[in-house]
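[1] Below is the sequence, then the predicted model.
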Amino acid sequence: MIISLLASSLAIMGLIAPAATAETMRERQWYLDRMQAESMWKVSTGKGITVAVLDSGVDTSAPELKGKVLEGKNLVEPSKDARTDPDGHGTAISMLIAGNGAGGQGIKGLAPDARILPLTVFGSTKESGTNSIPGLINAIRYAADSDAQIINMSLAFPYYQVNKTELGKLQKAVDYAVSRGKLLLAGSGNDGETSNDITYPAANKGVAGVSAVDSSLTATKFSNHGSFVALAAPGKDIPIRCIGKAGYCRSWGTSQATAIASGAAALIWAKHPKWNGNQVLRVMMETAGKPTEGKIPSRYIGYGTIRPRYNVLENKGSPGSADTNPLVPAQAGGPSSPSSSQSRSASASPQSGSSESEASEGGDDGASPLLWIVGAVVVVGGGLFLFLRRRRAS
């Protein structure tokens, strides 16, 4: 997928399809109703929580983000403002986390009263995603020293793009952020049907790798899977502001799943402001809709699909120790680069989560997304995710 800013990551195909029946934005955001968002918002809206969005910047002119975006920093081109987003990816992700709904016409975030700290990790002239790794490392450290509680990384680097030195520095930055009480979430990647590479930072110890599920809680085919997946969240048929076009798009990707997981964490954390990232993560793992078959954690959905209402509305889940990250024992082996054979997970049918009524809190399976523009539907190829590679774009 290709557009001007991130040449190896995003693209749009303009294939026009027949007009679709008009839907309200709320109907398009199916996962909010499935997750009982309205009921949760009576208890928690994410107020007091800041989410650092490590991405392409955030466009503060978006109506959904008015008054929500802090100054932030561009970690790749310091002379440029992180509150601009020539690509649009970081803006779309931020809306899913904290959008205000723009009077019912725009995207409503799962944590509508959370704030966004934009940290730009992609240079406007960079053609290779590999060049963004130093920016990512610096951004994690910047976020660790900031007031942000949650670090959202809707991006992924295949293992072969991260050299040993960079990987060591990346792990040290993650360790530092965890020691500062932060919660780090990263997308697992959208390459599950082809190479299914291990990706970083999702595979770094202490980071919660997020895959995408469909509305039946079945793991999507496009999500990268493996031992680095900790949680799953809705990841298809997710409306976002279109990139490069007017209107709103129906999209898919683990970028979206990661943003929704960050919003869920913000709701829990706002209800329990004295907790730290380790405790919020532990509760998310305990209350997740578990796989209906196979081992836990699952290679496809980790400890399960996020269900924040179990804590927000029912006070389920034990925070446990603030000093222990619940993922570190499960992510044994450290940050060493895997071999090619290690990067290919064994093929099996995608797993499902809980079959309870909560099972509708899901994503999808990788079909082409749809674009809403004035009564017409435009097919968009790929999915919205910064899966950075030159030879095989997502």
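    Yes, it's here. Not measured: the values here are computed from a predicted model.
[2] Let me see the contact set for residue 286.
    303, 316-318 (CB atoms under 8 Å, 6 or more residues apart in numbering). The C-beta positions use only the backbone N, C-alpha and C, and glycine is treated the same way.
[3] Name the SS class of it, please.
    helix (DSSP: H, G, I helix; E, B strand; the rest coil).
[4] go on, residue 26?
    Per three-state DSSP, residue 26 ends up helix.
[5] before we move on, what about residue 116?
    strand.
[6] now it: how far from residue 39?
    24 Å (CB to CB, to the nearest Å).
[7] and what of residue 105?
    In terms of CB to CB, residue 105 sits 23 Å off from residue 39.
[8] Which among the contacts of residue 286 count as buried?
    Neighbour-count burial (16 or more other CB atoms under 10 Å) applied to these gives 303, 317.
[9] Neighbour count: residue 116 and residue 39, which is higher?
    residue 116 (29 against 11; other CB atoms under 10 Å).
[10] quick one: pLDDT of the more buried one?
    On the pLDDT scale, residue 116 is placed at 98.
[11] what residues are up against it?
    50-51, 53, 58, 65, 68-70, 94, 97-98.
[12] Out of the residues you listed, list just those in helices.
    94, 97-98 (DSSP state H).
[13] Those into TSV, with extra columns for neighbour count?
    Output for the ones in helices among the contacts of residue 116, formatted as TSV (neighbours: other CB atoms under 10 Å):
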residue	neighbour count
94	34
97	32
98	31
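[14] Can you tell me which of those residues is nearest residue 132?
    Here the nearest of the ones in helices among the contacts of residue 116 to residue 132, counting by CB to CB, is residue 94; it sits at 18.2 Å.
[15] so how far is residue 140 from the closest one?
    On the measure of CB to CB, residue 94 and residue 140 end up 18 Å apart.
[16] Can you tell me which of the ones in helices among the contacts of residue 116 is closest to residue 248?
    Distances from residue 248 to the ones in helices among the contacts of residue 116, taken by CB to CB, are shortest for residue 94, at 14.6 Å.
[17] I figured the closest one was touching residue 54, is that so?
    No: Residue 94 lies out of contact with residue 54 (CB atoms under 8 Å); the separation is 11.2 Å.
[18] Just list whatever residues bridge to residue 115.
    With DSSP bridges as the criterion, residue 115 is bridged to residue 50.
[19] Pretty sure it sits against residue 51.
    Yes: with contact defined as CB under 8 Å, residue 115 and residue 51 form a contacting pair (7.3 Å).
[20] residues contacting residue 65?
    58-59, 91, 94-95, 98-100, 116.
[21] Quick check: pLDDT value at it.
    What the model reports for residue 65 is a pLDDT of 98.
[22] how close does it sit to residue 23?
    22 Å.
[23] still on that earlier bit, what is in contact with residue 115 and residue 51 at once?
    residue 98.
[24] Phi first, then psi, for the residue nearest to residue 110 when sequence neighbours are not counted.
    The shortest distance from residue 110 to any non-neighbouring residue, by CB to CB, 6 or more residues apart in numbering, is to residue 263 (3.0 Å). The phi/psi pair for residue 263 (degrees, to the nearest 10) reads phi -60, psi -40.
[25] do the one 3 residues further on as well
    Dihedral pair for residue 266: phi -60, psi -40, per degrees, to the nearest 10.
[26] Against residue 225, how distant is the residue most central in space within the chain?
    By CA atoms, centre = their mean, the chain has its centre lying nearest to residue 258, at 1.7 Å. Per CB to CB, residue 258 is found 15 Å from residue 225.
[27] so where do the helices sit in this protein?
    All helices of the chain, identified by DSSP H, fall at 25-28, 30-34, 37-41, 89-98, 133-144, 164-179, 254-271, 277-287, 309-312.
[28] To residue 82, which of the ones you listed lies closest?
    Using CB to CB, the helices of the chain put helix 89-98 closest to residue 82, at 8.6 Å.
[29] Any buried residues in stretch 103-118, and which?
    Those would be 106-118, for stretch 103-118 by 16+ other CB under 10 Å.
[30] hang on, I meant stretch 145-161
    Under 16+ other CB under 10 Å, the buried positions of stretch 145-161 are 146, 148-159, 161.
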